[in-house]
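Enquirer: compute the structure for the input listed below.
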Amino acid sequence: MRFDLVANDTGSKARAGLLETAHGKIETPIFMPVGTAGTVKAVHQRELKNDIEAQIILGNTYHLYLRPGLDLIQKAGGIHGFNGWKGPVLTDSGGYQVYSLAGVRKIKEEGVKFQSHIDGSRHLFTPESVMDIQRTIGADIVMAFDECTPYPCEYKYAKNSMEMTHRWLKRCCERFDATDPIYDYEQHLFPIVQGSTYKDLRTKSAETIASFNRSGNAIGGLSVGEPAEDMYAMTELVCDILPTEKPRYLMGVGTPENILECIALGVDMFDCVMPTRNARNGMLFTTEGIINIRNEKWKDDLSCIDSGLENEISTFYSKAYLRHLITSKEMLGAQIASIHNLAFYLWLVKEARLQIIAGTFDRWKKHMVKKVSQRL
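Expert: Now for the predicted structure:
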């Protein structure tokens, strides 16, 4: 893996970079569509490439481990062979799923015991097994196993959890470095900063994971219910500590406004289920603002979904037609809305990159935050 900084914005901490992996180059800042179970919901791989212009997608260790299972994925030659996506892939370690399974899991020093949400079967994830699983899945970037603390979270719990995450990281690195890739390309491990919204914990965690000197670093445990101001404060604090020469990945964030603000703080990589999940419920993110396509006002609006985008989906279909599909619960409605929202997110970070290179990002960002946050 190679990461080169191309430009730094003059009015903020935003930066443009180029990340090279075995499966292709990634221009940062970048948004990564979430394909939890090996697929971005309602979107074909050709649409990811041609309409959305995605450069990297996500998979999830927890879900892929349970279904379809590692044997089939390995038989297919890894996740790229299984799902047909030939570009870079990042896998989340399952730490967030552990967080969300609070009722059916037990966290101990050894690892996490949990029950499958599919059939109730019992499993154990350890830092070592999670590295082995991600080796088998075959993602270009794999995440360290961590605990994502809830919000609000007492200081003592956050401190103990963070320290365990650091001990787990050491075990992840030892296992990862002691094993070889199963397929014919290199994989790269990213540690994750934790510490809830406590400045001293976030500082300690950022310093600790930076000391492991891995290919990139991630910021976890945010966008879990805390105020946006706290998210931004913790992100800025951590970005100021993490090494500038390595990519920074803010996990699970967020709205278009969140992404723009965090790009300004020095973040390079983002992911979130929001564009696809909200699309299926009729919420569209556009270059002019946010649309609830279910509203009556769009019933007779035959203008295209978003003339500010260049992709065929957003400029071909009308708001009235998409509203008809969504209210009729036609599957095509979810597909069109998902493709559009993802295309918008990818347009947003691409435009941000161009503005950073031009040295005009800060001024542009202030204008765009207001624009993309307004309800139409």
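
Enquirer: residues in a beta bridge with the residue nearest to residue 134 when sequence neighbours are not counted, which ones?
Expert: Leaving aside its sequence neighbours, residue 134 sits nearest to residue 142 (Cβ to Cβ, 6 or more residues apart in numbering; 3.9 Å). The C-beta positions use only the backbone N, C-alpha and C, and glycine is treated the same way. Residue 142 forms beta bridges with residue 91, residue 189, as assigned by DSSP bridges.

Enquirer: what's near enough to touch residue 142?
Expert: Residues near residue 142 by Cβ atoms under 8 Å, 6 or more residues apart in numbering: 90-91, 93, 131, 134-135, 176, 187-190.

Enquirer: flag the least confident of the residues you listed.
Expert: Lowest pLDDT among the contacts of residue 142: residue 93, with 91.

Enquirer: tally of neighbours for the closest residue to it other than its chain neighbours?
Expert: Of all residues not flanking residue 93 in the chain, residue 143 sits nearest, at 4.2 Å (Cβ to Cβ, 6+ apart). When counting by other Cβ atoms under 10 Å, one arrives at 27 neighbours for residue 143.

Enquirer: would you check that residue 143 makes contact with residue 96?
Expert: No - in this structure, residue 143 is not within contact of residue 96 by Cβ atoms under 8 Å, at 9.5 Å.

Enquirer: sec struct for residue 113, please.
Expert: strand (DSSP: H, G, I helix; E, B strand; the rest coil).

Enquirer: remind me which helix or strand residue 257 belongs to.
Expert: In this structure, residue 257 is located in helix 256-263 according to DSSP states H and E.

Enquirer: can I get that helix in PDB, CA atoms only?
Expert: The C-alpha coordinates for helix 256-263 follow below in PDB (Å, rounded to 0.1, in the frame of the first residue of the first chain):
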ATOM      1  CA  PRO A 256     -23.200  15.100   3.800                       C
ATOM      2  CA  GLU A 257     -22.700  17.900   6.300                       C
ATOM      3  CA  ASN A 258     -20.700  15.500   8.700                       C
ATOM      4  CA  ILE A 259     -18.500  14.400   5.800                       C
ATOM      5  CA  LEU A 260     -17.700  18.000   4.700                       C
ATOM      6  CA  GLU A 261     -16.900  19.100   8.200                       C
ATOM      7  CA  CYS A 262     -14.700  16.100   8.900                       C
ATOM      8  CA  ILE A 263     -12.800  16.500   5.600                       C
END
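
Enquirer: who are the packing partners of it?
Expert: On a contact count with 3 or more Cβ pairs under 8 Å, 6 or more residues apart in numbering; DSSP states H and E, helix 256-263 meets helix 228-239, helix 331-358, helix 361-373.

Enquirer: between those, which one is closest to residue 74.
Expert: Closest to residue 74 of the helices and strands packed on helix 256-263 is helix 331-358 (Cβ to Cβ; 28.8 Å).

Enquirer: now do the SS call for the closest residue to residue 182 other than its chain neighbours.
Expert: Excluding the flanking residues, the one nearest residue 182 by Cβ to Cβ, 6+ apart is residue 135, at 5.5 Å. Three-state assignment for residue 135 (three-state DSSP): helix.

Enquirer: contacts only, for residue 135.
Expert: Counted by Cβ under 8 Å, 6+ apart, residue 135 has contacts 142, 176, 179, 181-182, 187.

Enquirer: and the helices in the stretch 201-350 of the chain, which stretches?
Expert: With helices called from DSSP state H, counting those that start in this stretch, the stretch 201-350 of the chain shows them at 228-239, 256-263, 274-280, 312-316, 319-327, 331-358.

Enquirer: equivalent analysis for the stretch 51-200 of the chain, please.
Expert: Taking DSSP H, counting those that start in this stretch to define them, one finds helices in the stretch 51-200 of the chain at 61-66, 70-75, 79-83, 95-100, 127-137, 155-178, 199-211.

Enquirer: can I get these in CSV with distance to residue 304?
Expert: Output for the helices of the stretch 51-200 of the chain, formatted as CSV (distance: least, Cβ to Cβ, whole Å):
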stretch, distance to residue 304
helix 61-66, 35
helix 70-75, 39
helix 79-83, 30
helix 95-100, 36
helix 127-137, 38
helix 155-178, 46
helix 199-211, 44
